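Novice: Output the structure for:
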Amino acid sequence: MIKWLCLFFSYILMVSAHSWLGLWISMEMNSLSFIPIMIEESKENSLKYFLVQSVASVIFLASTLNQSFSFLIPFALLIKIGAAPFHMWLVSISKSTSWKILALLMTFQKIGPLLGLIMTQFTSSFFILVSAIIGGLGGISQSNLRLIMAFSSISHLSWLMINTTSFFLVSTYYVTYLIILYLVVALLQQKGLFSLTQMSDNTSLTYKISISFGLLSLAGLPPFLGFFIKWMSLEMNILPPFIILALVSSSCLSVYFYFKIAMSSLLFPSEMKSKNMEVLAVLSMGFNVLLPLLFL
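Specialist: So this is what the prediction gives:
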């Protein structure tokens, strides 16, 4: 309980940080609170996370203390957040961790580095392009649902990075992505699904449709909610044509491997299951299908 309270307090500190030193202190407190939570599940994954975050923290602190190395600040933040091409640690941890830890890695653990990127207004075309391409291509050949979601989060980082010049756009995209993701993860965790082969298990049709809608919303397929936040990002930013092409191509690849997951579940028989799961499934469908009507 104390670990979770410290973790929650570190998120508050990160959001309220107004200087590089304050951000560094809050991110260090966040890492020190999150590592004990990871140790409970896997010492190997916690060690990987600790080493990567420590290296990034050293680079970040050295860059803030010495103006000659200030250009390294975005690199340290990209390592911490798991953006391509610094994404291998995230992929390595994702393949064997629980849905709870993975969901935190893909969302709340990105708050500090993301705020740092907003402070620098980081919009490097190279990292946006690489994250979009690797995030899209990486999930195609995967059968592990956790790896697919990890590569999808890398792809979403490219969309977040194009919005770093506007706190409103970043926060809107981030919060929407967070809610969609957590609804999907909650459904997957309830059934204990970790691979494509498990998607054929007999579950209710409502559940299968809900998980399919949530995944396709993450991919950005219209008319789901995920499409509108991506459309908003393209409309509100002036981007080079090759960046737009890369982002759209990445979303198309995401639609492909998420559609594969949806078909692997919908093509098998269904039966009625837990009422709690039904309520969550209906809530997820309503969020992804009905809420987009507000954007019209």
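
Novice: Can you pull out the low-pLDDT segments for the stretch 51-200 of the chain?
Specialist: 200 (pLDDT under 70).

Novice: where along it do the helices fall?
Specialist: Residue ranges of the helices in the stretch 51-200 of the chain, as given by DSSP state H, counting those that start in this stretch, are 73-81, 88-94, 99-106, 111-120, 125-138, 145-161, 167-191.

Novice: of all the ones you listed, which gets the most neighbours per residue?
Specialist: Of all those, helix 145-161 has the most neighbours on average by mean count of other CB atoms under 10 Å, namely a mean of 25. For every residue, glycine as well, the C-beta is placed using N, CA and C.

Novice: For residue 103, which non-adjacent residue is spatially closest?
Specialist: Nearest non-adjacent residue to residue 103, counting by CB to CB, 6 or more residues apart in numbering: residue 185, 4.7 Å away.

Novice: Next up, the contacts around the one you found.
Specialist: Counting by CB atoms under 8 Å, 6 or more residues apart in numbering, residue 185 touches 99, 102, 103, 149.

Novice: Show the contacting residues for the nearest residue to residue 106 once chain neighbours are set aside.
Specialist: Closest residue to residue 106 apart from its sequence neighbours, by CB to CB, 6+ apart: residue 153 at 4.2 Å. Residue 153 makes contact with 82, 90, 106, 135, 181, according to CB under 8 Å, 6+ apart.

Novice: Just confirm the third one contacts residue 180, I think it does.
Specialist: Pointing back at residue 106 there. No. Here residue 106 does not reach residue 180: they are 11.4 Å apart, not a contact under CB atoms under 8 Å.

Novice: still on that earlier bit, so can I have JSON lines of the contacts of residue 185 showing distance to residue 246?
Specialist: Listed next are those as JSON lines, based on distance: CB to CB, whole Å:
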{"residue": "99", "distance to residue 246": "29"}
{"residue": "102", "distance to residue 246": "25"}
{"residue": "103", "distance to residue 246": "26"}
{"residue": "149", "distance to residue 246": "21"}
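
Novice: and which of those residues is nearest to residue 126?
Specialist: Nearest to residue 126 out of the contacts of residue 185 is residue 149 (CB to CB; 24.6 Å).

Novice: mind listing what that closest one touches?
Specialist: Here residue 149 is in contact with 94, 102, 106, 181, 184, 185 (criterion: CB under 8 Å, 6+ apart).

Novice: How about residue 25?
Specialist: Counting by CB under 8 Å, 6+ apart, residue 25 has contacts 13, 17.

Novice: Without its sequence neighbours, what residue ends up closest to residue 194?
Specialist: Excluding its sequence neighbours, the residue lying closest to residue 194 (CB to CB, 6+ apart) is residue 145, at 5.6 Å.

Novice: With just CA atoms, put stretch 164-182 into PDB.
Specialist: Provided in PDB are the C-alpha atoms of stretch 164-182 (Å, rounded to 0.1, in the frame of the first residue of the first chain):
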ATOM      1  CA  THR A 164       4.100  18.500 -28.000                       C
ATOM      2  CA  THR A 165       3.800  22.100 -29.100                       C
ATOM      3  CA  SER A 166       0.300  22.200 -27.500                       C
ATOM      4  CA  PHE A 167      -0.400  21.100 -24.000                       C
ATOM      5  CA  PHE A 168      -4.200  20.900 -24.800                       C
ATOM      6  CA  LEU A 169      -3.600  18.600 -27.800                       C
ATOM      7  CA  VAL A 170      -1.200  16.300 -25.800                       C
ATOM      8  CA  SER A 171      -3.400  16.100 -22.800                       C
ATOM      9  CA  THR A 172      -6.600  15.400 -24.900                       C
ATOM     10  CA  TYR A 173      -4.800  12.700 -26.900                       C
ATOM     11  CA  TYR A 174      -3.200  11.100 -23.800                       C
ATOM     12  CA  VAL A 175      -6.300  11.000 -21.700                       C
ATOM     13  CA  THR A 176      -8.400   9.500 -24.500                       C
ATOM     14  CA  TYR A 177      -5.700   6.900 -25.300                       C
ATOM     15  CA  LEU A 178      -5.400   6.100 -21.600                       C
ATOM     16  CA  ILE A 179      -9.200   5.400 -21.100                       C
ATOM     17  CA  ILE A 180      -9.400   3.300 -24.300                       C
ATOM     18  CA  LEU A 181      -6.400   1.300 -23.400                       C
ATOM     19  CA  TYR A 182      -7.500   0.600 -19.800                       C
END
